[in-house]
Structures are given as C-alpha cells and as structure tokens.
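Trainee: The following comprises the amino acid sequence and a computationally predicted model.
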Amino acid sequence: MFEAQRLWNDLWGAFENTFRYQYVLSRAVEKLNGFKCHTGSVWSLYSGPELPVCAIFDRNGKPIGVVAGIAVGPDALLSKSSCTIPVDTGAANFWDQFETYIVDVAGRYAFMIEHAGQTRLYTDPVGMIGAVYSKLDGYVASSPLLAIKRPLTPNPKFDFDTIANKGGKLTLFHTADAHVRRLNPNHYLDLDCFEEHRFWPRNETFQTPPERVLSTYDDISSRVRFNIGEIAKSFPCAMPVSGGQDSRLLLAFAGPHTASIQTFYTHINNYATRRDDAIGKALCAAIDVPHETHDKREFSLERWDLKHSHQKYKLTLGAPSSLPKEYINGVVTGVPDGHVILRGHQTDLLRAVFVFQPQERWHEPDWQLERLIIVPRAEFTKEVADRFRDDFVAWQSTLPENAMTKAADFMFLEVYYNSTVGATFPALWRHFYVSPFNSRRLIGLALGFDEKERRKSVPVFDIIERQRPELSLVPYDFELPASLDTLQDKLLCLELTQRRRRRTRKRLATYATRSRTDDVAVQILGTDLVTA
C-alpha cells in the first residue's frame, strides 16, 4: 500500500476522486482502486480515473508506450485512445527521432516509452504533470506519497514549519522525503537504473535576428492557437482572465477558438483581484465573449469541508503546505468540476520575468537561490545559501553551452517552475490545469528575443497588437488609474493606451521593413548564402 493510501481517511470520500489526475509507475501489480492500468513489457502505468492516457505507436504500427496527460503534437492531440507518431523502431536513431519529436509537443504530460529493452520517462518542459522518483523504493509517481510504501523520511535540508506557514518552497529537485527526487523536466529518467540524462536543449541558438521577428511572432501565435483549438474541441475548457499580460496573450492566441471555451472567469480574493476582475471583464467585452466573476463574498465552504480539503491537499501534494486561496474561500467551485483550465504559464518568458541581473552574473548562485523562495526573502541568509549552493551549482553544470546564454531563464524553467506548478498542479483535484504554450519549441522561440526587450514586455505588446488589436485597446493594470470606472470611458481608454500602441505600431512597421528587405536579399542571393 502506498503511503498516500495508508494515510487516506475514508471520511473524505473515494481516494481515486481526489487523486484523479495522478499516476504511478511500477514494476509490480498494484492495488489502486479506481486507477486504470496500462501494462508495458516491464513497467506499468497506473493512472487516476480522469487522467487522459493514450497508447503510442510508431509509424509502422508497433506499440512503443503511453502518454499520460494532455499532449498536443505538431499536428494532432495525443489524447485519444491511441495515436501514431513519426518515429521508427527499426531505425538506429530511434531515441534521437523521439527526442526531436517531443520538442514540438505542448501541454502537460508524461511519456513512458519502451524500445530495445529500455524504458524511459519523458515529461513536459517544466514537469507540470508532476514527476518524482525514489531509487530506494523503486517507484515513479506524480507526487511523493505515491512513490513510497513507507512513512515519509523528512528531508533534513528544509524547515517544514517555514514551508507550511511562511510560504517556503521545496526546490532544487528536492521533495519532502529525503529519498524522493523531483525529475529535472528536460532530462529523461532511465527506469532501468533510475538515472537522469539531459536531452534538451538540443542545438537551438536562442537568438532571433530583427528580420525574423515578425515571422517568429506569427509562428508562436499559430502554434499556440492550434494547441488551444485541439484542447478545446476535445475537453470542456475554462480560461481565467486577469489584469496581467499572460491571460491577455492567451485570449489573443485563441482567436476563433474562444467560441469553443465554455467559461472565461476571474476569481476575486482581495483588492488586487478586484482590479483583475474589472480588466478581465473589459477584455472579454472587447472580443464579445461572456465573463464570470467568482467573488469570495458569494462562495463559502462548510467548516468540515474546509478542514478535509486541507488534509487532502497535504496528501496530494506530499508535503506540508497551506491550501490555495481559491480552495479556502470556495471560489474554485465557480468553475465546473472536471474542466480543463487553460493557463498562461511559460508565456511569461516573453517578459523575462526571472532575468533581474546582467548576464555576467548568471553564473553566481546566491542571488538566484534567493529568488527560489526557499525561505521568505527577509529570512534569506548566508547559512541558507551555503546549504543549497552545491545543489544549484550541480544543476547549472548540466546546462549545455547554448542554454548558458539563457541561464537565468533556464533556472526559472527547470528549477522554479518544476518545484511550484510541477508540485501543485497534480495536487489540485477539481480541475486539470494546462498551458498550451508549454512546449520546448515555443519556449525556444520565446527565448530568442533579447532580454532587454522582453523585460519591457515588447514581444507581448507586439503579438497582441498583431493578433487581436481590440485587446490592445484595454488599458493594462500599470496604465490604469485607481478608479476602475475608467474602463467604462472608451475615450479615456484610448488616451491611456495611445502612447503604448503608437510605439508598438511603429516598431511593427520597422520589423516589417526589415522582413521585406531580408526577403529581397534571399531572392537575390539565395537562402543558403543569407542564412550562412
């Protein structure tokens, strides 16, 4: 019996309902009521009842494994009962073919792939699906208490009181258990020996020349639009909308697929989210889609339900932690149970959210360790830095040379995101959260823009103006005065956004001129010469 099962209280309902989006990989036959079993030659994947699982075949019809979660390939959603992907088990470079293919796969997923007597686990680029493993115990799972059949051995590197009550984070691939490790999402796990091996980045240059900016914007937009469309036509979907830039980008990317999304909403938990709600309403009105407000004053939970939710969350997360606000005040129930929630994660790379220092400092661990929020920043000391510096250096040493040109971004992707959404998303049992931007191809394209431009949100403004300009007419939170009534005054909104939009249109016109110049050069000189 897994530790999560042993600690489960039947008064909370059926175990499988709360663990509906989680999974376990095991060599043995397991008793997980309500879970589905997908048997491989050596390993079996046990999936919660609501976690999509798709059997994967090579181009010749040979079974090669399964994918759990929501995964959108370059030309299809991989969440049917079975799918064929363009790899050949008869080829000597099979693994290289698969690793080339997975660069284009977006979503929240885990592949268990078998070939030539070897079984490997690959996940999405930030481990959003959740992936932890214990070599000692011999299990892989989406959360720590499904990876052990013994009491948890507290990880001595962390103060659990700080995590539970002050918002501290388990990070740098640690979990609450001393013997359970979180998989680096851009490594695969060799299940025969429980060793990690980096497979991405490959040969990306992470640099976009000025004459390719517009085509890169369009490539990003078309790929995300396709991903949203594939997900929305197969699952009931909801999209949170706020005053931030990421949800506005998702609305711009969605284009005609907004009609396939059932619910656009904003949760109100405090004053800041009241501003989010006002801007979210205005954004939805601008593109003529309905918007729902889920105000904490209109929702509530019974005391026993709240208590049980706290207890269930500790088990699904596998660590001490406080319950998310939307679960505490009940606004999460405003979105129908079982919906797929489209989130804007990884679009924040277009804003370089973690690049606060110049490149010459990206080799220095301490300022990055502070941003991982191992402890509250006011409590970050040299002792904390000393305790985790070796872990950071060990991780950074795995980055290939091309990734070191974006080292701060990769810390955000592989370390911070992996230990936050990678840990919490499997633990949230009401909905399946997924980012349609979460592919290595899209991440690579986003990282191609200059850090200074990204820090100023230039790609965000450009893409929204280019793809859905009516959204650009709604003031951003930083443009909006204290009075939310401003959003009702169309002339004032035009005035507030005029300067930004003028700069954006001028910049896009400059890019268009450069693109035309480059196209003429290609016609005259030949593609190979210009590219070289």
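Mentor: Nice, I can see it. Note that the coordinates shown come from a computational prediction; the quantities given were computed from them, not determined experimentally.
Trainee: Enumerate every residue touching residue 202.
Mentor: Residues in contact with residue 202 (C-beta atoms under 8 Å, 6 or more residues apart in numbering) are 99, 100, 103. (C-beta placed from N, C-alpha, C; glycine too.)
Trainee: Mark which of those are buried, thanks.
Mentor: Among the contacts of residue 202, those that count as buried by neighbour count (16 or more other C-beta atoms under 10 Å) are 99, 103.
Trainee: Just the element for residue 454, please.
Mentor: helix 451-455 (DSSP states H and E).
Trainee: what does residue 423 give?
Mentor: helix 418-424.
Trainee: neighbouring contacts of that helix?
Mentor: 126-131, 143, 169-173, 182, 184-185, 317, 319, 324, 345, 372, 433.
Trainee: Just the ones of those residues in strands?
Mentor: Using DSSP state E to define strands, the subset of the contacts of helix 418-424 located there is 182, 433.
Trainee: Can I have the buried ones of the contacts of helix 418-424 as a ChimeraX selection?
Mentor: Under the burial definition 16+ other C-beta under 10 Å, those of those that qualify are selected in ChimeraX by:
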select :126,127,128,129,130,131,143,169,170,171,172,173,182,184,185,317,319,345,372,433
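Trainee: next SSE after the helix or strand hosting residue 37?
Mentor: Per DSSP H and E: residue 37 is located in strand 36-39. Counting by DSSP H and E, the next helix or strand C-terminal to strand 36-39 is strand 44-47.
Trainee: Can you name every helix or strand that that following strand contacts?
Mentor: Packing partners of strand 44-47 (3 or more C-beta pairs under 8 Å, 6 or more residues apart in numbering; DSSP states H and E): strand 23-26, strand 36-39, strand 63-72.
Trainee: could you redo the ones you listed as JSON lines and give each row distance to residue 115, mean pLDDT and mean neighbour count?
Mentor: Shown next, in JSON lines, are the helices and strands packed on strand 44-47 (distance: least, C-beta to C-beta, whole Å; pLDDT from 0 to 100; neighbours: other C-beta atoms under 10 Å):
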{"stretch": "strand 23-26", "distance to residue 115": "16", "mean pLDDT": "98", "mean neighbour count": "25"}
{"stretch": "strand 36-39", "distance to residue 115": "16", "mean pLDDT": "96", "mean neighbour count": "15"}
{"stretch": "strand 63-72", "distance to residue 115": "6", "mean pLDDT": "98", "mean neighbour count": "25"}
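Trainee: so which of those strands comes closest to residue 10?
Mentor: strand 23-26 (20.1 Å; C-beta to C-beta).
Trainee: Give me the contacts around that closest one.
Mentor: 2, 30, 32, 35, 43-48, 51, 68, 110, 112, 121, 138-142, 146-147, 191.
Trainee: Ok, stretch 390-409 next?
Mentor: 172-174, 184, 187, 198, 201, 203-207, 349, 352, 354-357, 359, 362-363, 365, 368-369, 410-411, 414-415, 447.
Trainee: Show the buried residues in these.
Mentor: Using 16+ other C-beta under 10 Å, the buried ones in these are 172-174, 184, 187, 201, 204, 206, 349, 352, 354-355, 362, 365, 368-369, 410-411, 414-415, 447.
Trainee: Show me where the stretch 201-350 of the chain has its helices.
Mentor: 213-232, 245-254, 271-286, 303-317, 325-328 (DSSP state H, counting those that start in this stretch).
Trainee: Of all the residues in the longest one, which ones are buried?
Mentor: Of all the residues in helix 213-232, those buried under the rule 16+ other C-beta under 10 Å are 213-214, 216-217, 220-221, 223-232.
Trainee: what do you get for the last one?
Mentor: Within helix 325-328, the residues that count as buried by 16+ other C-beta under 10 Å are 326, 327, 328.
Trainee: Make JSON lines from those and add pLDDT and distance to residue 78 to it.
Mentor: Listed next are those as JSON lines, based on pLDDT from 0 to 100; distance: C-beta to C-beta, whole Å:
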{"residue": "326", "pLDDT": "92", "distance to residue 78": "29"}
{"residue": "327", "pLDDT": "93", "distance to residue 78": "30"}
{"residue": "328", "pLDDT": "93", "distance to residue 78": "35"}
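Trainee: ok so, going back, could you dump the helices of the stretch 201-350 of the chain into CSV with distance to residue 151 added?
Mentor: Putting the helices of the stretch 201-350 of the chain into CSV (distance: least, C-beta to C-beta, whole Å) gives the following:
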stretch, distance to residue 151
helix 213-232, 39
helix 245-254, 40
helix 271-286, 39
helix 303-317, 13
helix 325-328, 26
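Trainee: Which among these is found nearest to residue 506?
Mentor: helix 213-232 (13.7 Å).
Trainee: Can I get the closest one in PDB, CA atoms only?
Mentor: The C-alpha trace of helix 213-232 is given here as PDB (Å, rounded to 0.1, in the frame of the first residue of the first chain):
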ATOM      1  CA  VAL A 213      10.900  38.900 -35.600                       C
ATOM      2  CA  LEU A 214       7.500  39.100 -37.300                       C
ATOM      3  CA  SER A 215       7.700  35.600 -38.700                       C
ATOM      4  CA  THR A 216       8.600  34.300 -35.200                       C
ATOM      5  CA  TYR A 217       5.700  36.200 -33.700                       C
ATOM      6  CA  ASP A 218       3.400  34.500 -36.300                       C
ATOM      7  CA  ASP A 219       4.900  31.100 -35.700                       C
ATOM      8  CA  ILE A 220       4.400  31.400 -32.000                       C
ATOM      9  CA  SER A 221       0.800  32.600 -32.500                       C
ATOM     10  CA  SER A 222      -0.200  29.900 -34.900                       C
ATOM     11  CA  ARG A 223       1.300  27.100 -32.800                       C
ATOM     12  CA  VAL A 224      -0.400  28.200 -29.600                       C
ATOM     13  CA  ARG A 225      -3.700  28.800 -31.500                       C
ATOM     14  CA  PHE A 226      -3.500  25.300 -32.800                       C
ATOM     15  CA  ASN A 227      -2.800  23.900 -29.300                       C
ATOM     16  CA  ILE A 228      -5.800  25.800 -27.800                       C
ATOM     17  CA  GLY A 229      -8.100  24.600 -30.600                       C
ATOM     18  CA  GLU A 230      -7.100  20.900 -30.200                       C
ATOM     19  CA  ILE A 231      -7.600  21.000 -26.500                       C
ATOM     20  CA  ALA A 232     -10.800  23.000 -26.600                       C
END
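Trainee: looking at this protein, which helix or strand does the model trust least?
Mentor: helix 527-531 (a mean of 34; mean pLDDT, DSSP states H and E).
Trainee: Kindly reformat the contacts of residue 202 as TSV containing secondary structure.
Mentor: Listed next are the contacts of residue 202 as TSV, based on DSSP: H, G, I helix; E, B strand; the rest coil:
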residue	secondary structure
99	helix
100	helix
103	coil
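Trainee: export the contacts of residue 202 to CSV and tack on pLDDT?
Mentor: What follows is these, written out as CSV (pLDDT from 0 to 100):
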residue, pLDDT
99, 98
100, 97
103, 98
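Trainee: The helix ranked longest in the chain packs against which elements?
Mentor: For the chain, the longest helix by residue count, based on DSSP state H, is helix 490-525. Applying 3+ C-beta pairs under 8 Å, 6+ apart, we find helix 490-525 packed against helix 213-232, helix 458-467, helix 469-472, helix 527-531.
Trainee: In terms of mean pLDDT, which of those helices ranks lowest?
Mentor: If you rank the helices and strands packed on helix 490-525 by mean pLDDT, helix 527-531 sits at the bottom with a mean of 34.
Trainee: Okay, now the unreliable bits of the stretch 251-400 of the chain?
Mentor: By pLDDT under 70, the stretch 251-400 of the chain contains no weakly predicted segment.
Trainee: So for residue 480, which of the helices of the stretch 201-350 of the chain sits nearest?
Mentor: Comparing the helices of the stretch 201-350 of the chain by C-beta to C-beta, helix 271-286 comes nearest, at 7.1 Å.
Trainee: and the closest one, which residues are buried?
Mentor: 273-284, 286.
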